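K.L.:
I'd like to go over a predicted model; first the sequence, then the structure.
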Amino acid sequence: MTEPVTEPVTRAGFIAIVGAPNVGKSTLLNHLVGTKVSIVSPKVQTTRTRVLGICIADQEDSRAQIIFIDTPGIFQPRRRLDRAMVAAAWSGAGDADHMLLLVDASRGMNEDTKAIIERLKDSQRQAVVAINKVDLVKKPDLLALVAAVQASGVATEIFMTSAITGDGVAPLMTHLTGLLPEGPWLFPEDQISDMPERLLAAEITREKLYLELHQELPYAATVETESWEDKEDGSVRIGQIIYVERDTQKAIVLGKGGRQIKRIGAQARTELEDILDTRVHLFLFVKVRDKWGDDPDRYRDWDLDFNA
């Protein structure tokens with residue numbers, strides 16, 4: 001007699017990834033999802049809005065859909081855009097079933113991380129803590145950091161990870177999966193993010209812009225996808241505008257003889273073709289728009305609160 005087949009239990013839930021700027025949140029999210037859904041650069045505050053990354057975790061007795069919320073880095077805001085990003089980070093944390101706090105092992109308990117921990121205490125919330133970039137520090141320093149995190153009282157569990165190499169990520173994933181409630185999945189199985197393709201394309205170009213010019217260009221640039229045309233041959237024609245605040249910044253983006261913007265465009269096009277799995281015709285233009293960071297329409301596109 002054939003044994004009845006037992007269907008695995010399904011689980012689903014939201015986990016917010018929070019932490020100070022550049023602790024590796026977006027790198028970890030991309031590793032967990034298995035593809036790029038959030039851009040990464042050496043420049044702090046690269047992530048400007050909440051990004052959902054959806055992944056499937058198969059366990060012996062369950063199949064879980066984990067919806068990770070990658071939030072902007074939390075720090076002491078000074079500009080309107082800073083305030084809106086930090087507000088989005090805490091909003092994402094409040095919307096989630098659980099919170100994953102990333103701490104940069106190479107920086108230790110710096111002021112930004114301490115401030116996050118104090119806010120968690122004030123709101124009587126706890127988090128799973130992942131001490132990231134453990135490959136960059138010596139063991140005595142790492143043990144001292146673990147002791148400090150434990151003493152804070154906000155950690156339900158502590159994991160050691162390297163988002164770059166993937167070390168320690170599997171045990172973290174197993175633990176997070178077990179935290180999720182039983183229930184139906186919230187997104188189709190093949191969906192990996194809720195970010196529209198037009199916005200993703202703009203973010204990819206912004207990443208390449210920062211990677212090329214993060215030393216020369218301040219936070220005075222943004223990218224918008226102005227046009228998107230699906231061609232009959234299956235390719236895509238994408239037109240984007242890079243907005244900067246001054247003519248001197250425009251000259252930096254263009255480069256001598258236009259070589260810099262061509263290099264940025266080539267890098268963005270290559271990655272977009274990989275993500276979209278089709279040929280991409282990418283056209284970049286640079287325009288000067290003073291104080292674009294005070295334009296309410298930009299905040300609406302990024303799902304940020306202009307009045308935060």
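P.N.:
Okay, I see it.

K.L.:
where does residue 123 land on pLDDT?
P.N.:
The model reports residue 123 with a pLDDT of 82.

K.L.:
That one - how many residues pack around it?
P.N.:
Residue 123 has 11 neighbouring residues, counting by other CB atoms under 10 Å. The C-beta positions use only the backbone N, C-alpha and C, and glycine is treated the same way.

K.L.:
and what of residue 30?
P.N.:
A count of nearby residues for residue 30, using other CB under 10 Å, gives 19.

K.L.:
Which of the helices or strands spans the residue lying closest to residue 154 once chain neighbours are set aside?
P.N.:
With CB to CB, 6 or more residues apart in numbering as the measure, residue 120 is the residue that lies nearest to residue 154, at 4.7 Å, once sequence neighbours are left out. Using DSSP states H and E, residue 120 falls within helix 111-122.

K.L.:
Could you do residue 226 as well?
P.N.:
Element membership of residue 226, judged by DSSP H and E, is strand 222-230.

K.L.:
Just the C-alpha atoms of that strand, please, in PDB.
P.N.:
Extracted in PDB, the C-alpha atoms of strand 222-230 (Å, rounded to 0.1, in the frame of the first residue of the first chain):
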ATOM      1  CA  THR A 222      20.000  60.900  -9.500                       C
ATOM      2  CA  VAL A 223      18.800  58.800 -12.500                       C
ATOM      3  CA  GLU A 224      15.400  58.600 -14.000                       C
ATOM      4  CA  THR A 225      14.100  56.200 -16.700                       C
ATOM      5  CA  GLU A 226      12.300  58.600 -19.100                       C
ATOM      6  CA  SER A 227      11.400  56.100 -21.800                       C
ATOM      7  CA  TRP A 228      11.100  52.300 -22.200                       C
ATOM      8  CA  GLU A 229      10.200  50.800 -25.600                       C
ATOM      9  CA  ASP A 230       9.900  47.000 -26.300                       C
END
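
K.L.:
got the angle for whatever helix or strand comes next after it vs strand 222-230?
P.N.:
Sequence order places strand 236-244 as the next helix or strand after strand 222-230, per DSSP H and E. Interaxial angle, strand 236-244 versus strand 222-230 (axes from the mean of the first three to the mean of the last three CA atoms, to 10 degrees): 160 degrees.

K.L.:
returning to what we had before: quick one: mean pLDDT for the strand holding residue 226?
P.N.:
Average pLDDT, strand 222-230: 91.

K.L.:
Please apply the same query to stretch 101-110.
P.N.:
On average, the pLDDT along stretch 101-110 is 92.
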